[in-house]
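Quick one, structure for this:
(one chain, ligands or ions: 1)
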Amino acid sequence: MSTSPGTPSAAKRRSGTSKAELNSGKRQPSSLLQSSRPTKRMRKTSKLATISYNADDDASEILDASRLAWKPVTLPERVGDLEGLMGFEEIDGVDVEYVNVDGGNERIVKFKKAKISLKEEVKKSTKSMTKKETQKKSGKLENVDAVNELETELQDKHKHNKKKEKKKTVRVHKKADDAGIGKASNIFGALNSEEMEIELPEWVEVYPLSESLLHGLSELGFTKPTDIQRQAIPLLMAGHDLVGKAATGSGKTLAFGLAILEKYIASSASSEAVSSAKKDMSFSSAPSPTALIFAPTRELAHQITDHITKVSKFNAASVVSITGGLAIQKQRRLLSYFPDIVVATPGRLHELMTMDTEGLIRWLAGVEMLVLDEADRLLQDGHFKELDEILDMIGQNRDSDSESSDNENYDNSSSREQDKRQTLVFSATFEKDLTRKLTTNANNANGKKQKRKFVNNNIEGKKDTMAYLLDKLKFREGTPQYVDVNPDEAVKREIVEGVIMCDALEKDVYLYYFLLKYPGRTIVFVNSVDAVKRIARFLQELTIPALPFHSHMIQKQRLRTVERFKDNDRAVLISTDVAARGLDISRVQHVLHYHLPRSADMYIHRSGRTARGTEHGVAMILCARTETQQLKKMAQKLGKDVKELRVFDVEKKVVKQLEYRVSLAREINALESKSTAATAAKAANTKKKGSSGDMDSALWRQAAEDLGLEMSEAEEILAGSESDDDDAKSRQLSTKQKEQDRIEVQRLRKDLKAMISQPILTSSMVSRNYITSGLVNLAQQIVDGTGHETFLGETKTTALNDVSRSRRQWNKKPEKKK
Ligand SMILES: Nc1ncnc2c1ncn2[C@@H]1O[C@H](COP(=O)(O)OP(=O)(O)OP(=O)(O)O)[C@@H](O)[C@H]1O
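Okay, here's the model as predicted:
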């Protein structure tokens, strides 16, 4: 507890709410728990007061402290045995006044009846309103059930189109600035009023967007455009093809999303007559969608759908995602409602198009805007083949309709004019010489267009993939517009980067250290599915709320995991690179690269899961000494000198204390895995025999899920049992062995629990009689609530603060802690 600063002898007041220690209103030492040895008085129960200071409350009466309703404070278990301290008590609803006496060496504490000021009350209610609003606004990723909801919604969109269109034209009568200011009773009412004028001058400056979109932006709280939106939207509205590059989390989705919606609103597709006639149409007669958007992952496709749907709340545009992992027939049905915007992963759309008998291809070929989000990823293995074929399919159909130019005839302007499709390509990373490639097609000295020269026109050759794409996409202009919002910046400015150096085998303990020290929403990236599973298990054992995430999980589980991650601000997502791109989850405080990413671009995308929108965040690499060459190379590719990296120092003594916990957790995991494999082998054997219980595939799937196995693992075990009955049997542990393992796991868990309940001592505590050392005022930390919840003697801090302040650079020795 710090004494009140200020003039000696003067009564000092502060405003706000905090906790204060009490010595029954009598004199007490200026810092109760800082003297060199515990005194008799320190052994007494100390009292805390939760106080509300009110500077205007001169008339408050002085209270007798001994008559107040003090409540005992429950201390964390580990704090209970501090030397000499027996406990604390607290009280609410009093004002505290300190009077410094004896030249400021001592203080008297006076208690007065508290009055909560009107300001405080308003603040309180604002807080709870804001929370509710935020929850409402935050929205959720679509889950499987949402497909059904969406279907109903699409039907409703047809029915209620008229109503929506009416909403769209709501006019404005009242200035937002006038709303509610100084009228406390009506502050929130005004926010919901449809009468409120939407004034977003910075958006209108960029492009005169339709009122329904401004309304949507206003609801999302997006008062001004981001740089990429500012630069891309006018170009897109002028009808240009565009390649857009901007940092992660900089709002690329709405850069193309708003342009698509604006075009939709302007086109006949939004007219009431067309919308209501759609229900009687077929793929060959229905108007083509305004836009077809490709994304490389399912989550990203759902997220784009969600994002565009939210901003188009006040118009009738319908958006669907077509992705793998969900029932294909349902997705076919969704398309049969002829949505205005289709967001797809190439795999599933390809599947649907190759099944097509009713003109789906032709319907898609007429799309007005084609978008490739995360374009460089779409060109990589596992995506490109399907995308390539889709582009061929819709290209051929369009060509046969419009006799469009072939890609060699760039200056055939007449055929280009017939070609209505606009093509948009976005990413945070493109291969370096893209600009050069784009400009090779610019005018030459004679003012004539030059043909693009492709070094290698074959995607299989892996070279020059972007050039191949540019050719394949058949831009309607010879050269698309190129917008690069941050040419010199690889990782977003708002991301503070750091590196922790350790030995390869120490990564687990350093990871645990970081997560304990900086609890907060975190994504840990690793390079294999096995690593995801192992790390998630051992962290869970250490009571860290870790969630595994990888592409072998069934889609339902993946969506559920993302929801759980969003719902818990301390959750730790352990993921492969499947979550590296596009995933937009707010308030992810840290990204940890447990394994070095395989490419510099992947480092940018992984790191970009933090600092979304206007937020800030930390990206930290756990680098084994054997990986330093790889790290240097990566830094070079990012245009950085490795020496610029902030090396983040970790207290070795503290890490030492965590090692035993980590080894216990690993031991438990090993025993549990043995038992899980044995149970699965038994289940597989039962399934094979069929007689004692012929498990159908749903039950089998359920059993695998219950055991925490993926289907691939379960099938592997099953296959093993089918090929060799004896082998499967041998994997079944004897009942006795299983029982022994179970008891051992219980014992280890108990030990681990006991360890976890102990505080971690920091260097200021390790070698000293901490309570009396005078270096750390522990009681002060407890009273103020500023103490770290796990690291005894340390104040609460954030990784953002600590890494930003870290000055140590590569190859410099850490400063010795005194
Ligand atoms: N004009 C705006 N004002 C404030 N926030 C915005 C604005 N536009 C978008 N955002 C928010 O910024 C976040 C990032 O947007 P988005 O997902 O489009 O980024 P991105 O550039 O596509 O990132 P990535 O390259 O990682 O996919 C989202 O949460 C989005 O809601």
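
Now do the contacts for S312.
S212, L213, G216, L261, V319 (C-beta atoms under 8 Å, 6 or more residues apart in numbering). C-beta coordinates here come from the backbone N, C-alpha and C atoms, glycine included.

can you count the residues close to the first one?
If you count neighbours by other C-beta atoms under 10 Å, S212 ends up with 26.

What are the buried residues along the helix or strand where it lies?
Using DSSP states H and E, S212 maps to helix 211-220. Within helix 211-220, the residues that qualify as buried are E211, S212, L213, L214, H215, G216, L217, S218, E219, counting by 16 or more other C-beta atoms under 10 Å.

okay if I get those as JSON lines plus distance to the ligand and pLDDT?
Supplementary listing: the buried residues of helix 211-220 in JSON lines, determined by distance: C-beta to the nearest ligand atom, whole Å; pLDDT from 0 to 100:
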{"residue": "E211", "distance to the ligand": "17", "pLDDT": "92"}
{"residue": "S212", "distance to the ligand": "17", "pLDDT": "92"}
{"residue": "L213", "distance to the ligand": "12", "pLDDT": "95"}
{"residue": "L214", "distance to the ligand": "12", "pLDDT": "95"}
{"residue": "H215", "distance to the ligand": "15", "pLDDT": "94"}
{"residue": "G216", "distance to the ligand": "11", "pLDDT": "95"}
{"residue": "L217", "distance to the ligand": "7", "pLDDT": "96"}
{"residue": "S218", "distance to the ligand": "11", "pLDDT": "94"}
{"residue": "E219", "distance to the ligand": "12", "pLDDT": "93"}
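
ok, so of those residues, who is nearest I328?
G216 (31.3 Å; C-beta to C-beta).

Next secondary structure after the helix holding S212?
Remark: after helix 211-220, the chain's next helix or strand is helix 227-237, criterion DSSP H and E.

quick one: the residue of the stretch 351-500 of the chain found nearest the ligand from Y594, how far?
Closest to the ligand within the stretch 351-500 of the chain is A428: 4.1 Å, counting by C-beta to the nearest ligand atom. Distance of A428 to Y594, computed by C-beta to C-beta, to the nearest Å: 22 Å.

okay, the two: which has more neighbours?
Set A428 next to Y594 and count neighbours by other C-beta under 10 Å: A428 wins out with 26 against 19.

so the more buried one sits right up against A247, yeah?
Yes: contact criterion C-beta atoms under 8 Å: A428 and A247 qualify, at 5.7 Å.

does the residue nearest to G582 when sequence neighbours are not counted sit in a helix, a strand or a coil?
Nearest residue to G582 in three dimensions, chain neighbours excluded: L300, at 3.7 Å (C-beta to C-beta, 6 or more residues apart in numbering). Of the three states, L300 takes helix under DSSP: H, G, I helix; E, B strand; the rest coil.

Let me see the ranges of the strands in the stretch 401-550 of the chain.
Remark: strands assigned in the stretch 401-550 of the chain by DSSP state E, counting those that start in this stretch are 422-427, 481-484, 495-502, 522-525, 546-549.

Now mean pLDDT too, for the ones you listed, in a markdown table please.
Below are those laid out as a markdown table (pLDDT from 0 to 100):
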| stretch | mean pLDDT |
| --- | --- |
| strand 422-427 | 92 |
| strand 481-484 | 89 |
| strand 495-502 | 92 |
| strand 522-525 | 98 |
| strand 546-549 | 97 |
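
and those strands, which is most packed in?
Highest mean neighbour count among the strands of the stretch 401-550 of the chain (mean count of other C-beta atoms under 10 Å): strand 522-525, with a mean of 28.

and A232, what is it in contact with?
Contacts of A232 (C-beta under 8 Å, 6+ apart): L242, G244, A255, F256, A259, V483.

and if we set it to 6 Å?
Shown in contact with A232 (C-beta atoms under 6 Å, 6 or more residues apart in numbering): G244, A255, V483.

cool, and K245?
K245 is in contact with F430, D484, counting by C-beta under 6 Å, 6+ apart.

Got the phi and psi for it?
Backbone geometry at K245, expressed as degrees, to the nearest 10, gives phi -120, psi 130.
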